[in-house]
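Enquirer: from the sequence below, what's the structure:
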Amino acid sequence: MMIKRVGDFIRNRQGGDTIVEVVIAIAVIATVLTGAFVVTNRSLTAVRDSEEHSEALQLLQGQVELLRSVASQTSNNQLSSVTLNTLPFCFSSDGVYQTVVTQGPDPCSTDNIPYYLSIIESAAPQPTGPPTKTFLATVRWAALGGGTDQVQLAYKVDVE
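Expert: So this is what the prediction gives:
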């Protein structure tokens, strides 16, 4: 009769991992990697959306600066007559006044991501005090998730 030692018995019982353990380990790793991918993808989308908003805001601030420049260089009556005759409008990069067109090539769009610029006179009621005209500058573009996104700034010009 052969007597087995305890150490030999324990060594023989420790085989390898079963297929169920391997499948569970793969499922856990796949779940972690999928979660990391989703978080990274959403983060990249949020960063790109923020970049688009920032670029649109820069374009819009440039339009307001050009409007401010035109308002300071011309009499307020000239500014009123120019803007009221052709609304909406925008300025080219060299400060030239342009009418926004609804069809065809838009002089108020940019080349890289199509941002569409427009400035209109706001019909907001005027409070008491010195007369002013309020202009609403808008930048629109195609949003990442579909649809349209926009940024707006209002600018007041004193008129006499």
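
Enquirer: next secondary structure after the least confident helix or strand in the chain by mean pLDDT?
Expert: Ranking every helix and strand in the chain by mean pLDDT, DSSP states H and E puts helix 76-85 at the bottom, with a mean of 50. Tracing the chain C-terminally past helix 76-85 and defining elements by DSSP states H and E, one meets strand 89-91 next.

Enquirer: give the pairing partners of the very next helix or strand once past that next one; include direction for each.
Expert: For strand 89-91, the following helix or strand on the C-terminal side (DSSP H and E) is strand 97-99. Taking DSSP bridges as the criterion, strand 97-99 forms sheet pairs with strand 89-91 (antiparallel).

Enquirer: from residue 97, how far off is residue 66?
Expert: In this view, residue 66 and residue 97 are 9 Å apart by CB to CB, to the nearest Å. For every residue, glycine as well, the C-beta is placed using N, CA and C.

Enquirer: check which helices and strands the lengthiest helix in the chain sits against.
Expert: Criterion DSSP state H: the longest helix present in the chain is helix 19-73. If you count contacts as 3 or more CB pairs under 8 Å, 6 or more residues apart in numbering; DSSP states H and E, helix 19-73 packs onto strand 89-91, strand 116-121, strand 132-142, strand 148-158.

Enquirer: so which of those is the most surrounded?
Expert: Highest mean neighbour count of the helices and strands packed on helix 19-73: strand 89-91, a mean of 23 (counted as mean count of other CB atoms under 10 Å).
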